[in-house]
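Undergrad: 3D, please:
(one chain, ligands or ions: 3)
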Amino acid sequence: MKIQYLGTAAAEGWPALFCTCKPCMLAREKGGRNVRTRSQSIIDGKLLIDFSADTYWHFVKNDIHLDEIRACLITHAHEDHLYPLEFCNRRVGFAYLDEGSAPMLTVYGTKRPVEMVARAIAGAAEDRVRVQELERFKTVEIEGYSVTAIDADHDPHADSVIYIISDGKKTMLYAHDTGIFPESDWNYMLDKGLRFDYVSLDCTGGLYAQYEHGHMGTNACEKMREKLLAAGLADERTVFCLNHFSHNGGAIYDEIAPAMAPKGFLVSYDGMEVEF
Ligand SMILES: [Zn+2]
Ligand SMILES: [Zn+2]
Ligand SMILES: [Zn+2]
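TA: Ligands and ions are numbered 1, 2, ... in the order given. Model (predicted):
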């Protein structure tokens with residue numbers, strides 16, 4: 001499997017929209033990997049995760065043919081992960097599809113995000129975009145992947161989940177946005193005897209805002225890594241990657257990447273691809 005991170009920032013982007021703080025100024029000055037857009041990833045070039053307001057730039061910059069994508073998973077109903085009105089641009093007259101295009105894009109998620117998408121596309125793009133609600137801890141087949149939404153420790157009003165995704169050979173855990181995983185997740189993962197090849201961990205707080213609930217900082221990510229290894233849910237071959245960063249965490253890519261490499265973590269940047 002291959003993951004490409006298209007956007008790796010928290011809600012406000014980095015540099016943040018209206019911000020003059022030091023880490024934002026530093027990101028502007030240094031550029032490159034230090035500049036982060038809002039959250040989105042794609043698995044094997046075909047399974048999209050989240051649909052932020054920066055989706056437009058992501059498909060232009062990475063030459064992704066969005067018309068060919070058949071499935072999009074939504075983690076939760078926060079605007080840095082879901083900008084539902086954008087789906088209306090798939091409607092007749094706004095998007096000219098050809099024989100290579102997917103006739104239908106299905107958006108998967110829990111109740112709240114899919115309701116938002118359904119409301120946005122009503123009377124506009126319903127013949128080209130549909131929604132399917134997912135239940136927590138129930139595995140569904142999506143475009144050749146087994147996908148399971150499990151609990152997130154994140155805003156309950158956003159109906160937040162994290163995802164276990166498997167192609168039958170490899171299994172990954174996509175854990176954004178969340179704090180330290182709830183007990184229900186550990187019970188499920190152990191009960192199913194899972195072993196992850198890839199773990200993408202929320203690291204909104206980076207090196208200097210050590211969140212444990214709602215989001216995580218590097219300390220909580222280290223704890224999660226140790227616990228996954230100790231439980232046999234991960235092993236020495238498992239790739240761990242930190243992702244979803246906020247300026248409140250202080251450390252730009254140039255600082256956090258070398259700090260976390262010796263601890264066994266990759267650090268995401270916009271456009272990064274990892275094959276596992
Ligand atoms: Zn977020
Ligand atoms: Zn800032
Ligand atoms: Zn969020």
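Undergrad: what's near enough to touch the residue of the chain most remote from its centre?
TA: Residue distances from the centre of the chain (Cα atoms, centre = their mean) peak at residue 93, which lies 30.1 Å from the mean C-alpha position. Residues in contact with residue 93, defined by Cβ atoms under 8 Å, 6 or more residues apart in numbering, are absent; none qualify. Just so you know, the C-beta spots here come from the backbone N, C-alpha and C atoms, and that holds for glycine as well.
Undergrad: correct me if wrong: residue 58 contacts residue 64.
TA: Yes: because the distance of 6.9 Å satisfies Cβ atoms under 8 Å, residue 58 is recorded as touching residue 64.
Undergrad: any common contacting residues for the two?
TA: Common neighbours of residue 58 and residue 64 are listed as residue 6 (criterion: Cβ under 8 Å, 6+ apart).
Undergrad: mind checking which of those two has more residues around it?
TA: When neighbours are counted by other Cβ atoms under 10 Å, residue 58 and residue 64 differ, and residue 58 comes out ahead with 24 against 18.
Undergrad: confirm that the more buried one sits in a helix.
TA: Yes: under DSSP: H, G, I helix; E, B strand; the rest coil, residue 58 sits within a helix.
Undergrad: buried ones in stretch 175-183, by neighbour count?
TA: Within stretch 175-183, the residues that count as buried by 16 or more other Cβ atoms under 10 Å are 175, 176, 177, 178, 179, 180, 181, 182.
Undergrad: just those residues that are near ligand 3?
TA: Of the entries in the buried residues of stretch 175-183, those that also sit close to ligand 3 under the rule Cβ under 5 Å from the ion are residue 177.
Undergrad: which two among the buried residues of stretch 175-183 are spaced furthest apart?
TA: Of all pairs drawn from these, the one with the largest separation by Cβ to Cβ is 176 and 182; the distance is 14.9 Å.
Undergrad: so residue 65 versus residue 37, what's the distance?
TA: Distance, residue 65 to residue 37, using Cβ to Cβ, to the nearest Å: 19 Å.
Undergrad: again with residue 267
TA: Counting by Cβ to Cβ - residue 267 and residue 37 are separated by 16 Å.
Undergrad: can you give me the pLDDT of the residue in the stretch 101-250 of the chain that ligand 3 sits nearest to?
TA: When you check the stretch 101-250 of the chain against ligand 3 by Cβ to the ion, the closest residue turns out to be residue 177, at 3.8 Å. The score at residue 177 is 95. That number is its pLDDT.
Undergrad: and for the closest residue to residue 14 other than its chain neighbours, the neighbour number?
TA: Counting by Cβ to Cβ, 6 or more residues apart in numbering, residue 14 lies nearest to residue 36, which is 4.2 Å off, once chain neighbours are set aside. Here the neighbour count serves as a burial measure; for residue 36 (other Cβ under 10 Å) it reads 27.
Undergrad: these two touch, right, residue 36 and residue 9?
TA: Yes: between residue 36 and residue 9 there is a contact at 3.5 Å, judged by Cβ under 8 Å.
Undergrad: contact partners of the top helix by length along the chain?
TA: For the chain, the helix with the greatest residue count under DSSP state H is helix 218-230. By Cβ under 8 Å, 6+ apart, the surrounding residues in contact with helix 218-230 are 175, 179-181, 186, 196, 199, 201-203, 205-207, 210-212, 216, 234-235, 238, 240, 242, 256, 259-260, 263-265.
Undergrad: can you tell me the SS state at residue 85?
TA: Put simply, residue 85 is helix when judged by three-state DSSP.
Undergrad: who touches the residue nearest to it when sequence neighbours are not counted in this structure?
TA: For residue 85, ignoring the flanking residues on the chain, the nearest one in space by Cβ to Cβ, 6+ apart is residue 120 at 5.0 Å. By Cβ under 8 Å, 6+ apart, the residues touching residue 120 are 84, 85, 87, 88.
Undergrad: residue 65 and residue 37: which is more packed in?
TA: For the pair residue 65 and residue 37, the greater number of neighbours falls to residue 37 (22 against 11), based on other Cβ under 10 Å.
Undergrad: who touches the more buried one in this structure?
TA: Contacts of residue 37 were listed using Cβ under 8 Å, 6+ apart, and they are 6, 7, 8, 9, 13, 52, 54, 57, 58, 270.
Undergrad: verify the stated contact: the fifth one with residue 28.
TA: No: the pair residue 13 and residue 28 does not pass the contact test of Cβ under 8 Å, sitting 11.4 Å apart.
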